[in-house]
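Provided below are the primary sequence and the corresponding predicted coordinates.
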Amino acid sequence: MHGLPDAATYLKLTKNFMPLTHTNDLFAKALKGKYALGAFNVNNMEMTQAIIEACEEEKAPVMLQISRGARDYAHPVYLKKLIEAAVSLSTIPLAVHLDHGDTFDLCKQCIDEGFTSVMIDASHESFEKNVEICRKVVDYAHKHNCVVEGELGHLVGAQFDDGEEGGNYSAGGHYTQPEEAVQFVRQSGVDSLAVAIGNSHGAYKFKGEQHLDLERLKAIKRALLDSGLGDYPLVLHGASSVPKEYVLEINKYGGQLGEDTAGVPEADIEVARRVGCTKVNIDTDLRLAMTAAIRKFMAEKPKEFDPRKYLGPARKAVKDLVRHKVRNVLCCAGHAFD
């Protein structure tokens, strides 16, 4: 790979590598600088390499996210060693985050393994139960120098929430309510909050017009500020933009994604960043970039069977995507050493 040191210089670098960084430190700098941190999901070596190399070259702080699914797929020990390699080969601030931890036990495992940040997602529970579960994780995490992200609301996409028509803050809808956000942060003690403002996971986020409820985001931020919680860090999940060029490339070479794929417009993400979303999660776009490159290679060179030949272009495609995100959307490029 270009950009990372060769084996001959590895030992010299590992003597002075940047340790894992806590997200509280990264959030404080991002809020001050009005940029957002890219939180990129990793599942294997190639994705990890691509993300780290892109951010190293762009001098961008970064968060590597590991989900329960990634842990099941790759095994926690392999993932831990990949992270250790990334830390030892880079100089940028790097945090490791559990994405969508669904139980206290899973969060505890990751905290004990050295994660600097965990997300406990009990958003499917009642408000009271969500607070209770988050509080338990917070109490354990803070004793072990780890920060916690919670979630309030449901990531169901802008056109699925009938209770929020017209932008009203109804009590029965799926979107995050400003007043409830204040109560939730105070009672749970979470260090950052993932909000539901029309965002959702996957490649089919919207039906019809694509948009986030940015006025709701502003209201949530304002409510937190007015309540005395300060410039509180908010998180945007399901923030992949599902670029049409990847979809078309995949379909051109045998894929069947359909024409109704739709992601979050990058213009909306830029507004969310300026409002105060300090962490933006990106996963689907990485998968699309990798899949498009692999499908193209396989179709054009059907006699090849060496995984290095098709995973190399796939890794580069992910790297190019990450460089674009940190430079042009999240605007965290150049802020590694703030």
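Yep, that arrived. Numbering: from 1, shown residues only.

which positions in the helix or strand encompassing Ala292 come out as buried?
Using DSSP states H and E, Ala292 sits in helix 284-300. Using 16 or more other Cβ atoms under 10 Å as the test for burial, helix 284-300 gives 284-297. To be clear about C-beta, it is placed using only N, CA and C from the backbone, and glycine gets the same treatment.

can you classify Val242 by secondary structure?
coil (DSSP: H, G, I helix; E, B strand; the rest coil).

over to Cys134?
helix.

quick one on the thing from earlier: among the buried residues of helix 284-300, which pair sits farthest apart?
Greatest spatial distance among these (Cβ to Cβ): Thr284 and Phe297, at 20.6 Å.

and the least confident of the buried residues of helix 284-300?
Lowest-confidence member of the buried residues of helix 284-300: Thr284, scoring 91 (pLDDT).

helices along the chain, start to end?
Taking DSSP state H to define them, one finds helices in the chain at 7-14, 23-33, 45-58, 68-74, 76-89, 104-113, 127-143, 178-188, 214-224, 244-252, 266-275, 284-300, 307-324.

so for the shortest one, what's the average pLDDT?
The reference is to helix 68-74. 93.

ok, back up a step: so which of the helices of the chain comes closest to Gly230?
With Cβ to Cβ as the measure, helix 214-224 is the member of the helices of the chain nearest Gly230 (7.6 Å).

the closest one packs against which elements?
Judged by 3 or more Cβ pairs under 8 Å, 6 or more residues apart in numbering; DSSP states H and E, helix 214-224 is in contact with helix 178-188, strand 234-236, helix 266-275.

got the buried residues for the longest one?
When burial is assessed from 16+ other Cβ under 10 Å, helix 178-188 yields the following buried residues: 178, 180-182, 184-185, 188.

and if you look at stretch 266-279?
Result for stretch 266-279 [16+ other Cβ under 10 Å]: buried residues 268-269, 272-273, 275-279.

what sits up against that stretch?
23, 26-27, 30-31, 34-37, 39, 63, 149, 192, 211-212, 214, 217-218, 221, 231-236, 239, 241, 280, 328-331 (Cβ atoms under 8 Å, 6 or more residues apart in numbering).

picking up where we left off before, how far away from the center of its chain is the helix holding Ala292?
How far helix 284-300 lies from its chain's middle: 20 Å, per Cα atoms, centre = their mean, to the nearest Å.

now it against helix 307-324, angle please.
Per axes from the mean of the first three to the mean of the last three Cα atoms, to 10 degrees, the angle that helix 284-300 makes with helix 307-324 is 140 degrees.

what helices or strands is helix 284-300 leaning on?
In terms of contacts (3+ Cβ pairs under 8 Å, 6+ apart), helix 284-300 is packed against helix 45-58, helix 244-252, helix 307-324.

that helix versus helix 244-252: what angle between them?
Using the same axes, to 10 degrees: helix 284-300 against helix 244-252 is 40 degrees.

can I get the CA coordinates of helix 284-300 in CSV?
Taking C-alpha atoms only, helix 284-300 is exported to CSV below (Å, rounded to 0.1, in the frame of the first residue of the first chain):
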residue,chain,number,x,y,z
THR,A,284,-23.2,1.3,3.6
ASP,A,285,-21.1,3.5,1.4
LEU,A,286,-18.0,1.5,2.2
ARG,A,287,-19.7,-1.7,1.3
LEU,A,288,-21.0,-0.3,-2.0
ALA,A,289,-17.6,1.0,-3.0
MET,A,290,-15.9,-2.3,-2.2
THR,A,291,-18.6,-4.4,-3.9
ALA,A,292,-18.6,-2.2,-7.1
ALA,A,293,-14.9,-2.6,-7.5
ILE,A,294,-14.9,-6.3,-6.9
ARG,A,295,-17.8,-6.9,-9.4
LYS,A,296,-16.1,-4.8,-12.0
PHE,A,297,-12.8,-6.6,-11.7
MET,A,298,-14.5,-10.1,-11.8
ALA,A,299,-16.5,-9.2,-14.9
GLU,A,300,-13.5,-7.7,-16.8
